[in-house]
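> Quick one, what's the 3D model for this:
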Amino acid sequence: MKNLDDSNGSEFQKSFDQSIEELNKIAMRFVQHGDTESGHQVLTFCEEATQPGKYGDFPLSRTTTFNNLACLYRRIGKPKGALNYLRTALTLLNKSNLLHHSATTYLNLSAVHSQLGE
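This is a model prediction of the structure:
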């Protein structure tokens, strides 16, 4: 059997990231079609699956999930919940030294602050 964990980033990690990315897209399609409950269920699964140490460390996939959860919360009229997810995403990006991937999070923060009239 082939070793899934090589020194340059594992095949498992690539496949896992791709799966979480696809699940996030599916979740957001649910949300865009008004099925926020199904979207939330899929995003909650992604959040749980990307917890550090569970299957590895996936900060970008986790950040994408947090951004999408924020979009969902904003859409259902819970901007404070959206802010919490976006702040968590920025903290994770900062801790992971990935702030160069923060543009989407800042864009979403601007949208939520605008919705709050700030």
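> going forward, measure contacts between C-alpha atoms and count neighbours the same way
Will do.
> quick one: the helices in this protein?
With DSSP state H as the criterion, the chain has helices at 11-32, 36-49, 59-75, 79-95, 103-115.
> would JSON lines of those with mean neighbour count and mean pLDDT be doable?
Listed next are these as JSON lines, based on neighbours: other C-alpha atoms under 10 Å; pLDDT from 0 to 100:
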{"stretch": "helix 11-32", "mean neighbour count": "17", "mean pLDDT": "96"}
{"stretch": "helix 36-49", "mean neighbour count": "18", "mean pLDDT": "98"}
{"stretch": "helix 59-75", "mean neighbour count": "23", "mean pLDDT": "97"}
{"stretch": "helix 79-95", "mean neighbour count": "19", "mean pLDDT": "96"}
{"stretch": "helix 103-115", "mean neighbour count": "16", "mean pLDDT": "94"}
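> so what's Arg74 up against?
With contacts defined as C-alpha atoms under 8 Å, 6 or more residues apart in numbering, Arg74 is in contact with Gly81, Ala82, Val112.
> If we use 7 Å, what do you get?
Ala82, Val112 (C-alpha atoms under 7 Å, 6 or more residues apart in numbering).
> next one: Ser15
Shown in contact with Ser15 (C-alpha under 7 Å, 6+ apart): no residues.
> Distance check, it against Tyr55.
According to C-alpha to C-alpha, to the nearest Å, Ser15 and Tyr55 sit 12 Å apart.
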